[in-house]
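Enquirer: quick one, what's the 3D model for this:
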Amino acid sequence: MTGSIIVVNESSGPMHVFVPKDSNKHGHDEWYTIGAGGGNVWMREGWELAAFKNADDTQRAGVYVPTDTTITYRGLNDITWTSSFLYVSVKGGCRQCDSCST
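Expert: Okay, here's the model as predicted:
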């Protein structure tokens, strides 16, 4: 079933995002620049990767999300996403849970 992946940029500057077209052959899988306060929508099926990079492509981060999800980007170390059944926060560390500092 087709659904949406919404990316919202809540950082103070532009961000770069990539969502592959693996589940939507008519989609585009280029890097997009979204300005501060902006957003974009990708129509996909199942689960998809959303990758982020800094302007000079020296750092990257990503999340693997189901469709009907909103991803909020505040920086490469502060990416959260919500779907109808799950909320996840990725803020540095090991990205496995909130109970460790590695």
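Enquirer: residue 81 reaches residue 72, doesn't it?
Expert: Yes - the pair formed by residue 81 and residue 72 meets the contact definition of Cβ atoms under 8 Å, at 7.0 Å. Every residue, glycine included, has its C-beta placed from N, CA and C.
Enquirer: looking at the two, which one has more neighbours?
Expert: Neighbour count, other Cβ atoms under 10 Å: between residue 81 and residue 72, residue 81 has more, with 22 against 17.
Enquirer: spell out the residue ranges of the helices in the protein.
Expert: Read by DSSP state H, the chain holds no helices at all.
Enquirer: which parts of it are strands?
Expert: 2-9, 15-18, 32-34, 39-45, 47-53, 60-66, 69-75, 78-83, 87-90 (DSSP state E).
Enquirer: which pLDDT does the model give residue 73?
Expert: Looking at residue 73, its pLDDT stands at 97.
Enquirer: number of nearby residues for residue 65?
Expert: 22.
Enquirer: residue 48 is in contact with that one, correct?
Expert: Yes - counting by Cβ under 8 Å, residue 65 does reach residue 48; the two are 6.6 Å apart.
Enquirer: quick one: low-confidence parts of this structure?
Expert: Counting by pLDDT under 70, the ranges of the chain that qualify are 1, 85-102.
Enquirer: let's go with 90 and repeat that
Expert: Across the chain, residues meeting the criterion (pLDDT under 90) sit at 1-2, 21-29, 83-102.
Enquirer: what sits opposite the residue nearest to residue 4 when sequence neighbours are not counted in the beta ladder?
Expert: Take residue 4 and drop its neighbours on the chain: the residue closest to it by Cβ to Cβ, 6 or more residues apart in numbering is residue 41, 5.2 Å away. Per DSSP bridges, the residues bridged to residue 41 are residue 6.
Enquirer: contacting residues for the residue lying closest to residue 7 once chain neighbours are set aside?
Expert: Leaving aside its chain neighbours, residue 7 sits nearest to residue 71 (4.9 Å; criterion: Cβ to Cβ, 6+ apart). By Cβ atoms under 8 Å, 6 or more residues apart in numbering, residue 71 lies in contact with 5-8, 50, 63, 65, 79-81.
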